[in-house]
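Participant: Sequence and computational prediction follow.
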There are 2 protein chains.
Amino acid sequence: MAPGTTTAGGQDRVRTRNLSALLRHVHVHGPTTRAELTALTGLNRSTIGALTTELTNAELVCEEPSAARAGAGRPSLLVTPRGNQNYVLAFDIGVDYLFAARVGLGGQVLDRRDLYRPRGEYPLSDVLGHVRRFASELIAGARPGSWCAGGGVAIPALVRHADGLARDAPNLVWQDAPLQAEIADVLAGLGLRAPVHIRNDADLGALAEHLRGAGRGSDFVVYLTGEVGVGAGIINNGRPLNGFGGYSGEIGHTVVNPTGRLCSCGLRGCWETEVGEKAILDAAGRQGARTTVAEVVAAARAGDGRSVAAVRHIGGWLAIGIGNLVSILNPEVVIMGGMFREIFPLVRDQVLSALGTGGLQPPRQDVRFVLPGLGADSTLLGAAELAFAPLLDDPLGVRGPVRGGM
Amino acid sequence: MAPGTTTAGGQDRVRTRNLSALLRHVHVHGPTTRAELTALTGLNRSTIGALTTELTNAELVCEEPSAARAGAGRPSLLVTPRGNQNYVLAFDIGVDYLFAARVGLGGQVLDRRDLYRPRGEYPLSDVLGHVRRFASELIAGARPGSWCAGGGVAIPALVRHADGLARDAPNLVWQDAPLQAEIADVLAGLGLRAPVHIRNDADLGALAEHLRGAGRGSDFVVYLTGEVGVGAGIINNGRPLNGFGGYSGEIGHTVVNPTGRLCSCGLRGCWETEVGEKAILDAAGRQGARTTVAEVVAAARAGDGRSVAAVRHIGGWLAIGIGNLVSILNPEVVIMGGMFREIFPLVRDQVLSALGTGGLQPPRQDVRFVLPGLGADSTLLGAAELAFAPLLDDPLGVRGPVRGGM
């Protein structure tokens, strides 16, 4: 009787799962000894040795003696991700900026390009031109013989996960843009035949913050972001809440004020009409001028009456929308990203006070509000993690053996 | 080199996982041949035989020759859950009703008791008295020698998952009621030392509808329910979205009309103040009278002007709240439970039209609206599934060997 016996296919799946767990661990947590990996996984020592040898042969990790000794015997080998040898290209496409980076296995930004420019309606071809130039420069800087696992792209749009179609990017004024395919073409034109994946920016911010930022250690995380629009990325029970098509988290387009202002989406009183960039600039009486949320926040800090009132107005609506989000999702951590990084410190007490004085209290008592651990790079680093995901899921299937053998 | 080798603990986990998968399959899908189980799981024939023999020895299933023949050989044995031998007690505690049932492994209701009564503030002790009486009758009717796997309880309350404390049951007017412990005590008093679990009613409705009802075949399901209050249970990627503490889905207490009516929770303009029972009775001018939503719906169907207008008013607010829910969660299926079973057929066109004429369209185009597949019993059957869960997760660990042996 062998209740645990599996077929050959089952054995392969177990091996892939184990390789995946090891590579993912060193990618997220950095250099780790074989002894630690043995303890962490519950696999036996010889299995760990065989698996890390496979990863070494695929040039994904290197192993060298560690300073720490495992008991009286030889020092346990230290398993380190080879970041310079294996990288991804990450792109964060905003309404008024475009960030690009070469990110190594292990999560380090090896090289980057940042573009800022005025608001405007830039056609897809314009964005693709910048992507081509930046990608070309980033690839040129990579070490000879190094390998690109793929590209990841963040965009403030509804992205259909099945094919990476940017269905609706209201603030980029694109509709049904085949961005994933277009950027894959751009990279192919540069000689890089690598898979490209694209996701909503807030979803990727949540991914990176959960893995490496302020959401680390919690499995119920909402990453809230705002610039022109407002959106949320949701981690539930340790995994992204994508929804059926990939469109979840559009908290900016939930109606909170049905007699309020018309939203770009056609509804009246969406949350983003009350807490988005336009709302705060309007409230501060700065609409029309070339001004920024940062300027309003600075003026409020300096005591300017109208700016203080504007920030307070936003604080009131923030409390309503965040309260709604907490009522539906019961997160442990809400990360205030995008322009909320600047505004939230000014309205924190106001928001907490409002949450404490109405509504069902238990989920409101659970939640903590924090600023992003990755600063302005949550989304860019999330795009990198998206690009790494297939490699981390199936290291040898994606990378293949490079030297040595099976 | 043995990359798939696991420790003894790992072997045990694999065996438990396989036993769990088999028992869960026959519990949900009914009698299944060994040949089908082999094909479904990818395990080999002798492993399936060993596993089903273990489940048979534990009296969880029985095996007998099936009519269908597997090729030219002997007929494959049919594996059937022993529902009369293994049962749970399920309770659905509402504001004006209490349902109790004995439900067999396999999901069949073997016996039940239903209590309806006028709205009122019933103390916990009153509810426990009915639970004791019903449980006693249900246990007395069980077959001698049969085994109770536990109790499951549904309640319109915020339930802390860690310990089953009913934190806030606004419409039962209880606060921090230790309902899980109290009902376990009641059952112990009847000689039944079985674990008891308790959850929010909407969460359990979602669980049952996903497994056996209108959400079957979809992994992104929202079960919406309303009577006095309004709540949602959420299935994301095939699993319940519980949130950090267990309090998710409180869509009834999301603010949609900040200048609207004061809610019992202390906020102004919660969705439940616009679409809950009181809202529809108010809109129909029937507040104060001993009347029901069903009567308003019947009057609207009969053409009564004020009732038609009331239903239409609710339809407008339903569209707003459902639109919000769709924007945040992007479900594939929304199941209209509770009193929405009666109202929704009258406002379906109105809601669909509103969803189609504003907002980000992709998630609105994805979603389907359906009535519960389990009628008024979604929640009760969800409570039964909650009680079965530990057994299904670890059949022999929970049930233990009964005869035969290892």
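Facilitator: Noted; the coordinates are in hand. Numbers count the residues shown, from 1 in each chain, chains lettered A, B, ... in the order given.

Participant: Please count neighbours and contacts with C-alpha atoms only from this point.
Facilitator: Noted.

Participant: which parts of the host helix or strand of residue A:130 are buried?
Facilitator: Residue A:130 is part of helix A:124-140 when elements are defined by DSSP states H and E. Residues of helix A:124-140 classed as buried: A:128, A:131-132, A:134-136, A:138-139 (neighbour count, 16 or more other CA atoms under 10 Å in any protein chain shown).

Participant: same deal with stretch A:160-177?
Facilitator: Of the residues in stretch A:160-177, those buried by neighbour count under the rule 16+ other CA under 10 Å are A:160-161, A:164-172, A:174, A:177.

Participant: closest to residue B:389 among those?
Facilitator: When these are compared for distance to residue B:389 (CA to CA), residue A:161 comes out closest, at 31.8 Å.

Participant: ok, so what distance separates the closest one from chain B?
Facilitator: 12 Å (CA to the nearest CA, to the nearest Å).

Participant: show me which of the buried residues of helix A:124-140 neighbour chain B.
Facilitator: Among these, none lies close to chain B by the criterion of CA under 8 Å from any CA of the partner chain.

Participant: How about stretch A:214-222 and chain B, touching?
Facilitator: Yes - counting by CA under 8 Å from any CA, chain B is contacted by stretch A:214-222 at A:219-220.

Participant: Please export the C-alpha coordinates of that stretch as CSV.
Facilitator: As requested, C-alpha coordinates have been extracted for stretch A:214-222 and formatted as CSV (Å, rounded to 0.1, in the frame of the first residue of the first chain):
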residue,chain,number,x,y,z
ALA,A,214,5.2,47.9,3.8
GLY,A,215,2.9,44.9,3.2
ARG,A,216,5.6,42.3,4.0
GLY,A,217,4.4,40.0,6.7
SER,A,218,0.7,40.6,6.1
ASP,A,219,-1.4,38.6,3.7
PHE,A,220,-4.4,41.1,3.6
VAL,A,221,-3.1,44.2,2.0
VAL,A,222,-4.6,47.0,0.0
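
Participant: Quick one: distance of that stretch to the chain centre.
Facilitator: 12 Å (CA atoms, centre = their mean, to the nearest Å).

Participant: Quick one: residues in contact with it.
Facilitator: The set of residues that contact stretch A:214-222 without belonging to it, under CA atoms under 8 Å, 6 or more residues apart in numbering or on different chains, is A:206, A:209-210, A:232-239, A:330-335, A:370-374, B:243-244.

Participant: What average pLDDT does the lengthiest helix in chain A get?
Facilitator: If each helix of chain A is counted by residues according to DSSP state H, the longest one is helix A:305-329. Averaged across helix A:305-329, pLDDT comes to 97.

Participant: go on, stretch A:13-30?
Facilitator: Along stretch A:13-30, the predicted confidence averages to a pLDDT of 96.

Participant: Next: stretch A:235-243.
Facilitator: When pLDDT is averaged over stretch A:235-243, the result is 95.

Participant: Contacts for it next, please.
Facilitator: The set of residues that contact stretch A:235-243 without belonging to it, under CA under 8 Å, 6+ apart, is A:203, A:206-207, A:210, A:218-222, A:233-234, A:248-249, A:331, B:220, B:236-237, B:241, B:243-244, B:329-332.

Participant: Restricted to helices, list these.
Facilitator: When DSSP H is applied, the contacts of stretch A:235-243 are split such that A:203, A:206-207, A:210, B:329 fall in helices.

Participant: quick one on the thing from earlier: would you mind listing the two of the buried residues of stretch A:160-177 that lie farthest apart?
Facilitator: A:161 and A:171 (19.8 Å).

Participant: Could I get the full set of helices for chain A?
Facilitator: Assigned helices in chain A, in chain order: A:8-29, A:34-41, A:45-57, A:124-140, A:179-189, A:201-212, A:272-275, A:277-283, A:293-301, A:305-329, A:340-356, A:361-366, A:378-393, A:395-399 (criterion: DSSP H).

Participant: so how far is the last one from its chain's centroid?
Facilitator: Think helix A:395-399. Between the mean C-alpha position of helix A:395-399 and that of its chain there is a distance of 23 Å (CA atoms, centre = their mean).

Participant: With distance to residue A:76 and neighbour count added, can I get the ones in helices among the contacts of stretch A:235-243 in a markdown table?
Facilitator: What follows is the ones in helices among the contacts of stretch A:235-243, written out as a markdown table (distance: CA to CA, whole Å; neighbours: other CA atoms under 10 Å in any protein chain shown):
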| residue | distance to residue A:76 | neighbour count |
| --- | --- | --- |
| A:203 | 38 | 31 |
| A:206 | 35 | 32 |
| A:207 | 32 | 29 |
| A:210 | 30 | 29 |
| B:329 | 46 | 29 |
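
Participant: related to what we said a few turns ago, out of the helices of chain A, nearest to residue B:298?
Facilitator: helix A:305-329 (31.9 Å).

Participant: Tell me which residues of that closest one come out buried.
Facilitator: Those buried within helix A:305-329 under the rule 16+ other CA under 10 Å are A:306-329.
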